[in-house]
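In: quick one: sequence plus predicted model below, questions after.
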Amino acid sequence: MVKYSTEELMVVTGARKIKDGNNVMVGIGLPMASAILAKKTHAPNANIFLELGVLNPSSSDFGVGLADIKAWQGAELLTSALDVLGMLLHSGKIDIGFLGALEVDELGNINTTQVELEGGKIKHFTGSGGGNDIASLAKRIVVVMRHQKRKLRKKVSYITSPGYIDGKKRQEAGLRGGDIEIVTDMAVFKFNVKIKKMTISSIHSGVNLDDVVENTGFQLVIPPKVDITPEPTESELKILRDEIPREIYTK
Amino acid sequence: MVKYSTEELMVVTGARKIKDGNNVMVGIGLPMASAILAKKTHAPNANIFLELGVLNPSSSDFGVGLADIKAWQGAELLTSALDVLGMLLHSGKIDIGFLGALEVDELGNINTTQVELEGGKIKHFTGSGGGNDIASLAKRIVVVMRHQKRKLRKKVSYITSPGYIDGKKRQEAGLRGGDIEIVTDMAVFKFNVKIKKMTISSIHSGVNLDDVVENTGFQLVIPPKVDITPEPTESELKILRDEIPREIYTK
Amino acid sequence: MREFSEKKESVTIEEAVNIIKDGDHIALGGFAITRNAISIVHEIIRQRKRNLTVSQSVGSMELDLLVGAGCVKEINYGGGSLDRYGQLNWVNKSIEDGTIKAHEYSYLSMIFRFLAGAMGLSFMPIKSLIGSDILRRLESKGEAKEFRCPFSGEKYVLVKALKPDIAVIHAQKADSNGNVFLMGPKFEVQELVRASEKIIVVVEEISSDILSHESVTVPGYLVDLLVHQPFGAYPTNLYGYYYQDPEHIKLYVESSKDPEKFEKYLNEYILSSDDFFEFLRKSTTLKRLAYLESLAKRLL
Amino acid sequence: MREFSEKKESVTIEEAVNIIKDGDHIALGGFAITRNAISIVHEIIRQRKRNLTVSQSVGSMELDLLVGAGCVKEINYGGGSLDRYGQLNWVNKSIEDGTIKAHEYSYLSMIFRFLAGAMGLSFMPIKSLIGSDILRRLESKGEAKEFRCPFSGEKYVLVKALKPDIAVIHAQKADSNGNVFLMGPKFEVQELVRASEKIIVVVEEISSDILSHESVTVPGYLVDLLVHQPFGAYPTNLYGYYYQDPEHIKLYVESSKDPEKFEKYLNEYILSSDDFFEFLRKSTTLKRLAYLESLAKRLL
């Protein structure tokens, strides 16, 4: 087996969540690398949408963010945010959305708005953008984040984007979806419709279960048998290394 | 004074309802001739909109209707019906709308949907199109129609487009506008916010008040002094005859 | 919405119409005598589809043909005509004698219903219809409700979203990604295609060049079935391509006034034609089509 | 909406900003570091407008500048940043210490609020926000209400329409009718200009040719004031015209972290500049602008 970095494993793991023909909403960074890799491997007919109105960009450099014109290069279509968020996402046509998080909690709720500093002061960050909309309305969600105890909290200090909110069914609250997975640099987690609490799905090769537990700010649901996260194949790694610049997912 | 036809008088009378800078919604036929004449005389900056998404056509032949591509010739902009009806009209930016009618009643309600035949059978016609929307939401309305007793009824058999409905204030019902005028081949009528019943505004030169009363299916409000409809000026008639083909408003 | 973004291969009219099932809800993109998807409508009639619900903002020849041929059980529409050529005789007759169930709206309320469907909303508020018999009838059927804005106190009517199974539109051009270029005023085509589950587009031309982003009215990712049929909107007009054929429309209007004549029209022009080219051959001449084309070019 | 359709004469930046009054509600068309109307924002700061309410779907450098310069009392926004160059430091700081009143939404709920304003609706239903603290805060202020569709029983949130006094956008090109060509993804510009009472558009070029119908993003009949200012979005990027200037944006981010540095930035680059060309002269060189242009052309 070829050696691979944790970032490469995360990109490949993200890519495998995308099915062929899926409509995918991503931001730039690691999820964009996953989406491009998916299109270059098992999901050539996936459609990648950026929320401000971009379809299938084919850039080799996504620059510094969604608003960087580098990220729109080679797009199959440039349209409006109303078309992407208002028509596709709001009417239920987005299959999978990738999100980042400042904090996530045991019920899958996401905070990208503010953190409480020591002493109770609030520090305000980016807020929602399309994040709340995607978390509310995409059929499936993948959250990609670094695994740190202060980021994986029992309860987020602010719900920007809903997971299972207070543990009820999302559908009863009026939301769509509910198939949520979290990919960190240590493991993959999922939310089970019955338990609705963060459950270990697999641990990355070489990572110790105790370390995962230690670095999580709440009690994880741990199934009797914990799998190892499926490793990248040689061909996935080859395509990733040859065709997708590292800067896309490591910047 | 130059001689003029009744149609010419009606076109000029309609044109004078348009103020410079007005956003005007018209169909083809006599109202279109009025709108073009207004732009060529006192209202050069009026914007003429067709409901399906056409701004300021400059055709000399509007063909057989809104859907005739002749009617879009020379347009300043071709856009969408949502832009014209959904954005401009619905948000209150249309100053004046011209409408036709199968029947109109003493409260200014318009029927373009169906007439009752003798024996109670229903004959179905064109229906609303944008008519109901324009009558509901334009700031001012001008109805252009032939003056016949069976068309000017005490109560229309079907309200396609609201006037003063059952005599209440339109604003209380939730509608905009309420400044309604009716131009027939005999006279001009208006609705007064206080009386809300069809009131003679002026009678065309050469028409007898008794004839107007006789040809109207309900009791008109007749002010103490009834004016003669202001006659076309020579320059209006010259422009109308030289620059606007008769076919536009007589077909 | 198509599941795959593979390069579009166009299909035949017959293949496209095969996806329509009896009882489906169809949205039509024409308006009176312009841009009608006549080629698809003929094939629907040939395939004897039944019990269709048809939604169209302003009724057209397409709608009247489908009603006349007995394909339709229910319509949502905002009125309509064949402009000065005549009324929608079959639609009107069928409303009068109750053989179809008709839900009548205004043009804008139909557009808002499509927009609601396009945005995944189950309803849309509107300020027109108030005080009309259109609303009175809709309310009595539970199709519309009055509503007061909880913020401003303004009065609205809530109308239901339209979510057709299949949108059928005719357009000028598509590229190999299925992106559609719709020349001329757009009417409500952008809303109705986005409201529909699947989309059939008939075009005059399939361009090997990819359209510029600005020229795209219907994004290719929404288009399920692309059909290439020159003169596919005949005898209605198509902006930039051909003028309507008054002679054939008048023939249609006369035929639609009388069931026997209409039966003859259906048999002669539609049912006995193998395809749309045969209909064209029976209805017109190359010389006349060339004339209608030249007229349309002059009107640009 | 302009009252007259006379051929547009462009006005100066100063004349355009003159129509903005203290306390007005402004909508901004930029997004993070792209297509910001920096030239107008500088003039607003120079004219020391106060107590503005600013609505922007995704907050940008424009918004942060206005907040930092003390022009703003209240914002409606859906979050925002300067992408990886940094956060909206002034916006964040002013929310933290309560010096501005902030109504936070999501991107789509902001778009729907503009769409409602554009269509003359006082509210719009939406399915996102549910279950979030965004909604909890809005509900506590009476800015949003839960609602159940009377037809389908589905749950919605009703959000209020936005009806700004003035929309400010930067675009690539306009023609002599005032029609605006917006290259690249449109974001929500089409909705926000239609929601606003008056519209200021700054363009890189005014074309003597009339734009084709398909190229028009903002119809000229909606445009009140047209300004010609090359590089008017600098240091943010403009699709097809120039790449952002990372050096200047980084300088801005550093300045915005510290009130003293920011005061210096304001004085040096904005308040002491007579016009936008002077700002450009102080911030960059012709050689660098040519490089940013060539970079943008390569990205088409």
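Out: Yes, it's here.
In: which residue is the nearest non-sequential neighbour of the one residue in the stretch 151-300 of chain C that gets nearest to chain D?
Out: Residue nearest to chain D within the stretch 151-300 of chain C: C:Ser152 (4.0 Å; CB to the nearest CB). (Glycine included, C-beta is placed from N, CA and C.) Using CB to CB, 6 or more residues apart in numbering or on different chains and skipping the chain neighbours, the partner closest in space to C:Ser152 is D:Ser122 (4.0 Å).
In: all the helices of the stretch 1-150 of chain A, residue numbers only.
Out: With DSSP state H, counting those that start in this stretch, the ranges of helices along the stretch 1-150 of chain A come out as A:6-16, A:30-40, A:81, A:131-137.
In: among those helices, which is nearest chain D?
Out: Here helix A:131-137 is closest among these (CB to the nearest CB), at 3.8 Å.
In: packing partners for the closest one?
Out: In terms of contacts (3 or more CB pairs under 8 Å, 6 or more residues apart in numbering or on different chains; DSSP states H and E), helix A:131-137 is packed against strand A:96-99, helix D:107-118.
In: chain C: which of these is closest?
Out: helix D:107-118 (8.2 Å).
In: what's the following helix or strand after the closest one?
Out: Remark: after helix D:107-118, the chain's next helix or strand is strand D:123-126, criterion DSSP states H and E.
In: about what we covered before: out of the helices and strands packed on helix A:131-137, which is the most enclosed?
Out: Ranked by mean neighbour count under mean count of other CB atoms under 10 Å in any protein chain shown, the helices and strands packed on helix A:131-137 are led by helix D:107-118, which reaches a mean of 29.
In: ok, which stretches of the stretch 51-200 of chain A are strands?
Out: A:54-55, A:77-78, A:96-99, A:103-105, A:110-111, A:114-116, A:122-124, A:140-144, A:152-153, A:179-183, A:187-191, A:198-203 (DSSP state E, counting those that start in this stretch).
In: and of the ones you listed, who's closest to chain C?
Out: Shortest distance between chain C and the strands of the stretch 51-200 of chain A, using CB to the nearest CB, is found for strand A:77-78: 4.2 Å.
In: who touches that closest one?
Out: Contacting residues not belonging to strand A:77-78 are listed as A:53-56, A:72, C:177, C:179, C:213, C:216, C:219-221, D:184-186 [CB atoms under 8 Å, 6 or more residues apart in numbering or on different chains].
In: near chain C, which residues of chain A show up?
Out: When proximity is defined as CB under 8 Å from any CB of the partner chain, chain A approaches chain C at A:20-21, A:23, A:44-47, A:55-56, A:75-79, A:83, A:86-87, A:90-93.
In: and C:Ile210, how far from C:Ser176?
Out: From C:Ile210 across to C:Ser176, the span is 7 Å (CB to CB, to the nearest Å).
In: quick check: which element contains C:Asn76?
Out: strand C:72-77.
In: how about that strand, does it get close to chain D?
Out: No - Strand C:72-77 lies apart from chain D when judged by CB under 8 Å from any CB; the minimum separation is 14.1 Å.
In: count of neighbours near the residue of chain A found nearest chain B?
Out: Chain A approaches chain B most closely through A:Leu82 (11.4 Å), counting by CB to the nearest CB. Counted with other CB atoms under 10 Å in any protein chain shown, residues neighbouring A:Leu82 total 25.
In: can you tell me the closest non-neighbouring residue to it?
Out: Closest residue to A:Leu82 apart from its sequence neighbours, by CB to CB, 6+ apart: D:Ile111 at 5.7 Å.
In: now C:Gly68
Out: Nearest to C:Gly68 is C:Trp90, by CB to CB, 6+ apart, at 3.7 Å.
In: what about the host helix or strand of that neighbour, average pLDDT?
Out: Using DSSP H and E, C:Trp90 sits in helix C:89-96. Taken as a whole, helix C:89-96 carries a mean pLDDT of 98.
In: same thing with stretch C:222-230?
Out: 97.
In: contacts for that stretch, please.
Out: With contact meaning CB under 8 Å, 6+ apart, stretch C:222-230 is reached by C:1-2, C:8-13, C:15-16, C:19, C:39-40, C:174, C:178-180, C:193-194, C:198-206, C:276.
In: in helices, which of these fall?
Out: C:13, C:15-16, C:39-40, C:193-194, C:276 (DSSP state H).
In: residue 233: neighbouring residues, count only.
Out: Because you didn't say which chain, this covers chain A. 13.
In: try again with chain C
Out: 28.
In: ranges for the strands of chain C?
Out: C:25-28, C:52-56, C:72-77, C:101-104, C:123-126, C:144-148, C:155-160, C:166-175, C:180-181, C:198-207, C:225-228 (DSSP state E).
In: check which helices and strands the shortest one sits against.
Out: Judged by 3+ CB pairs under 8 Å, 6+ apart, strand C:180-181 is in contact with strand C:166-175, strand C:198-207.
In: ok, the closest residue to C:Ser55 other than its chain neighbours to C:Tyr156 distance?
Out: The shortest distance from C:Ser55 to any non-neighbouring residue, by CB to CB, 6+ apart, is to C:Asn76 (4.2 Å). C:Asn76 sits 19 Å away from C:Tyr156, going by CB to CB.
In: again with C:Thr53
Out: Distance, C:Thr53 to C:Tyr156, using CB to CB: 25 Å.
In: ditto for A:Phe189
Out: Taking CB to CB as the measure, A:Phe189 and C:Tyr156 are separated by 45 Å.
In: just to revisit the earlier point, can I get the strands of the stretch 51-200 of chain A in CSV including distance to A:Asp68 and mean pLDDT?
Out: Shown next, in CSV, are the strands of the stretch 51-200 of chain A (distance: least, CB to CB, whole Å; pLDDT from 0 to 100):
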stretch, distance to A:Asp68, mean pLDDT
strand A:54-55, 11, 98
strand A:77-78, 14, 97
strand A:96-99, 18, 98
strand A:103-105, 26, 97
strand A:110-111, 24, 98
strand A:114-116, 25, 94
strand A:122-124, 23, 96
strand A:140-144, 19, 97
strand A:152-153, 30, 96
strand A:179-183, 24, 96
strand A:187-191, 29, 96
strand A:198-203, 33, 97
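In: next, name the residue at the spatial heart of chain A.
Out: Chain A has A:Val143 as the residue nearest its centroid, 2.8 Å off, counting by CA atoms, centre = their mean.
In: right, and that one touches A:Glu181 too?
Out: Yes - A:Val143 is within contact range of A:Glu181, at 7.3 Å (criterion: CB atoms under 8 Å).
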